[in-house]
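Colleague: Everything below, folded, please.
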Amino acid sequence: MKRIVGIIAAIAVVALATACQDGTTTPAAGGSSASPSVTAAPPGSAQGSTTQQSPGGGQQSPGSGQQSPGGGQPGDNDATATAGNGKCVDLTSGVVTAALGRLGANVGGDGFYADSGTDAAVGSCPSLLWVLAGTPHGTASSPWQVMLFNHAGYLGTATKNSTAYTTVVGSSDRSVQVQYRWLAGQDASCCPSGGPVTVTLTLGSDNHTVTPDRDFPTQATDPNSGGSPAPAACPVSKTTLLAALKGTDIESRLAKPIELEDQIDCAGDWAMAHSGTHNNTVNRAQVLFHYVAAEGGWKPADLGSALHCTEIGVPADVAAKICR
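Modeller: Residues are numbered from 1 along each chain as shown. Next up, the predicted model:
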């Protein structure tokens, strides 16, 4: 009888050891077994009550709410690592706080703070999320950074260097539009006349790579470079503007065949071209174009022999440069 009891006890020990090696949680009395692929989210984290891990995926750091690569799925609206208080981006979440810490020292040695971010509710979170980081007690001319996130965590900043006069002016599911301005000439620090230039950042199909639709304006990203490169939206080629005219009302109002002169004046997100040639002044007209990031690029804005640009929405400083 003692021998039989000893055999049964040995079998029980082997079975328990095998279960632990398989990663299965042994239930407490009256409880049920937990799936080995489901990890409970830390209290107050961005995750829901449970976070589904992919096989071999990264585990969450206790209390951080952030996952290592291979963790939360970017396409899951309810699993954004930055979420909290019902929002897709909680500016006080552990993930955002950790990302702020990675920006390093700011003016005077202080760090950055989270000024604003994606303002969508959990359940309708875009694939690409943003946070605008600012300088404590700073102004528009103080350093700013645009931090980008996917649903699994922090991706990085829009630009390597911090920039002044930076704002997020729009976003969609997979893109964020960032507007840049800069000081030019004798501008007072309150009133930059450089730009504006809007750069659209788009999240790739891998849910990790973010690509700008053009170069960032060097005047904003490296104001001490001493160079004077053209704003990112300019120069623009005649081919691009002719393509923008296709199928529009303004195209139908131009004399055929449509020709644009070589000289195209640009400032910020606006461009002025002239139809016809220098030898044909009879049908010569001004054609105003506007770069609209949300609509995919250059769009004809107006046509006339002498346009009053400010009346149709062109900023006065831009109109002074291109509307003559």
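
Colleague: With adjacent residues omitted, what lies nearest to Gly185?
Modeller: Residue nearest to Gly185 in three dimensions, not counting chain neighbours: Ser193, with 6.9 Å by C-beta to C-beta, 6 or more residues apart in numbering. The way it works is simple: take the backbone N, C-alpha and C, and place the C-beta from them, glycine included.

Colleague: what are the ranges of the strands in the chain?
Modeller: Shown for the chain, the strands assigned by DSSP state E span residues 38-40, 50-52, 113-117, 129-134, 145-150, 153-157, 166-171, 175-182, 194-203, 210-212, 265-267, 270-275, 285-292, 297-304.

Colleague: Just put the ones you listed in CSV and tack on distance to Val89 and mean neighbour count.
Modeller: CSV is the format used below for the strands of the chain (distance: least, C-beta to C-beta, whole Å; neighbours: other C-beta atoms under 10 Å):
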stretch, distance to Val89, mean neighbour count
strand 38-40, 22, 14
strand 50-52, 18, 18
strand 113-117, 4, 18
strand 129-134, 5, 24
strand 145-150, 7, 24
strand 153-157, 12, 19
strand 166-171, 11, 18
strand 175-182, 12, 23
strand 194-203, 15, 22
strand 210-212, 16, 14
strand 265-267, 34, 20
strand 270-275, 32, 23
strand 285-292, 26, 21
strand 297-304, 28, 18
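
Colleague: hang on, the earlier thing: how much space separates the residue nearest to Gly185 from Asp317?
Modeller: Noted for Ser193: a distance of 5 Å to Asp317, by C-beta to C-beta, to the nearest Å.

Colleague: among the strands of the chain, which is nearest Cys323?
Modeller: strand 270-275 (6.4 Å; C-beta to C-beta).

Colleague: and the direction of the closest one versus that of strand 194-203, what angle?
Modeller: If you take axes from the mean of the first three to the mean of the last three C-alpha atoms, to 10 degrees, strand 270-275 sits at 100 degrees to strand 194-203.

Colleague: Strand 270-275 packs against which elements?
Modeller: helix 238-245, strand 265-267, strand 285-292, helix 316-322 (3 or more C-beta pairs under 8 Å, 6 or more residues apart in numbering; DSSP states H and E).

Colleague: 6 Å instead, please
Modeller: strand 285-292 (3 or more C-beta pairs under 6 Å, 6 or more residues apart in numbering; DSSP states H and E).

Colleague: Strand 270-275 and the strand it packs on, what's the angle between them?
Modeller: 150 degrees.

Colleague: Dump strand 285-292 to CSV, restricted to CA.
Modeller: Extracted in CSV, the C-alpha atoms of strand 285-292 (Å, rounded to 0.1, in the frame of the first residue of the first chain):
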residue,chain,number,x,y,z
ALA,A,285,-2.7,85.7,-66.7
GLN,A,286,-1.7,85.0,-63.2
VAL,A,287,-2.4,81.6,-61.9
LEU,A,288,-2.3,81.2,-58.1
PHE,A,289,-1.6,77.7,-56.6
HIS,A,290,-1.9,76.5,-53.0
TYR,A,291,-0.2,73.4,-51.5
VAL,A,292,-2.9,71.6,-49.5
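
Colleague: what pairs with it, and is each one parallel or antiparallel?
Modeller: strand 270-275 (antiparallel), strand 297-304 (antiparallel) (DSSP bridges).

Colleague: ok so, going back, what about the residue nearest to Gly185, neighbour count?
Modeller: 20 (other C-beta atoms under 10 Å).

Colleague: tell me the contacts of it?
Modeller: Applying C-beta atoms under 6 Å, 6 or more residues apart in numbering, one finds that Ser193 lies in contact with Ala184, Asp187, Asp317.

Colleague: Lowest-confidence member of those residues, which is it?
Modeller: Lowest pLDDT of the contacts of Ser193: Asp187, 78.

Colleague: distance of the residue lying closest to that residue once chain neighbours are set aside from Gly268?
Modeller: Here the nearest residue to Asp187 in space, its sequence neighbours aside, is Ser193; by C-beta to C-beta, 6+ apart that works out to 5.3 Å. Relative to Gly268, Ser193 is positioned 10 Å away (C-beta to C-beta).
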